[in-house]
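Asks: mind folding the following:
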Amino acid sequence: MRIYDVTVPISEILPVWPGEPRVQIEPLSRIANGDPANVSCLHMSTHTGTHVDAPHHFLQQGLTVDKLPLDILMGQAFVAELDIPAGSEIGVWELARLHFPRDITRLLIKTKNSYLWEDKVTEFERTFCHLAPRTAEWLVKKGIQLVGVDYLSVEGYGSADFRVHHTLLEAGVIIIEGLDLSRVPEGPCQVVCLPLRIQGCDGAPARVLVIRD
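Replies: Predicted structure coming up:
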């Protein structure tokens, strides 16, 4: 068994969505300064790095992150690796041709986005692979309950109507964004996704593991 930690480390150089605050890790006390313990204060958006979008992110009456069912956040999954150009829109055909098992309800999509994390780029990349609205509709029809992507949004930058988010979240699909799947081979796996249990919140940073036999 091999465990892949596909979580992006939270640091002050981590790219963030434009308009959201940069990560700040502020020392509150330090042993080196004579304090009895090291304690830090963390400033960041709930959608920083590897994180979960709860339906409440775009739906006022949608489930908040603390209410998400754990049986969807953990279990059998499939990593789908797409050999498409950087910045491409992911169409239905790119996923349909993979013929992943019909009973799969959790899909993690690996693209060239994953290698953006390896480059240690500190600024947000506006051109990244993302789902087309029709692909989101197709995933819902396929019975997908959890979809993970390897950059900071399932949606293309500059979207005005956020159709991809609305299509998935209105259907109850849980979204994981900001995965680093660069070391994970395509195929069946187990996924464990545990977002912080922030009461009444629209999303939360998460620790995500992919487990392969």
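Asks: next, the residue nearest to the spatial centre of the chain: phi, psi?
Replies: Nearest residue to the geometric centre of the chain (C-alpha atoms, centre = their mean): Glu177, 1.6 Å. Geometry field for Glu177 lists phi and psi as phi -120, psi 150, criterion degrees, to the nearest 10.
Asks: quick check: bridge partners of it?
Replies: For Glu177, the beta-bridge partners under DSSP bridges are His51.
Asks: that one reaches His47, doesn't it?
Replies: Yes: using C-beta atoms under 8 Å, Glu177 makes contact with His47 at a distance of 7.3 Å. Every C-beta, even on glycine, is put in place using the N, C-alpha and C of the backbone.
Asks: any shared contact partners between the two?
Replies: Asp53, Leu152 (C-beta atoms under 8 Å, 6 or more residues apart in numbering).
Asks: pull the contacting residues for the residue nearest to the centre of the chain.
Replies: Taking C-beta under 8 Å, 6+ apart as the contact definition, Glu177 lies against His47, Thr50, His51, Val52, Asp53, Gly148, Val149, Tyr151, Leu152, Ser153, Val154.
Asks: now the fourth one: closest residue in space that isn't a chain neighbour?
Replies: This points to Val52. For Val52, ignoring the flanking residues on the chain, the nearest one in space by C-beta to C-beta, 6 or more residues apart in numbering is Pro195 at 4.0 Å.
Asks: on that earlier part again, what's the separation between the residue nearest to the centre of the chain and Leu131?
Replies: Using C-beta to C-beta, to the nearest Å, Glu177 is found at 11 Å from Leu131.
Asks: so where's this protein shaky on pLDDT?
Replies: Low-confidence segments of the chain (pLDDT under 70): 119-120.
Asks: before we move on, the earlier item: please convert the buried members of the contacts of Glu177 into PyMOL selection syntax.
Replies: Remark: buried members of the contacts of Glu177, expressed as a PyMOL selection using 16 or more other C-beta atoms under 10 Å:
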select buried, resi 47+50+51+52+53+148+149+151+152+153+154
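Asks: residue at max distance from the center of this protein?
Replies: Residue farthest from the centre of the chain, counting by C-alpha atoms, centre = their mean, is Gly34 at 39.4 Å.
Asks: so how far is Pro27 from Asn33?
Replies: In this view, Asn33 and Pro27 are 8 Å apart by C-beta to C-beta.
Asks: then Ser45?
Replies: Distance of Ser45 to Pro27, given as C-beta to C-beta: 21 Å.
Asks: more crowded one of those two?
Replies: Just comparing Ser45 and Pro27: by other C-beta atoms under 10 Å the higher neighbour count belongs to Ser45, 17 against 12.
Asks: would you agree Gln190 falls within a strand?
Replies: Yes: using DSSP: H, G, I helix; E, B strand; the rest coil, the secondary structure at Gln190 is a strand.
Asks: is Ala100 in contact with Ala80, as I believe?
Replies: That one is not Ala; residue 100 is Phe. Yes: using C-beta under 8 Å, Phe100 makes contact with Ala80 at a distance of 6.2 Å.
Asks: find residues that contact each of these two.
Replies: Common contacts of Phe100 and Ala80 (C-beta under 8 Å, 6+ apart): Leu107.
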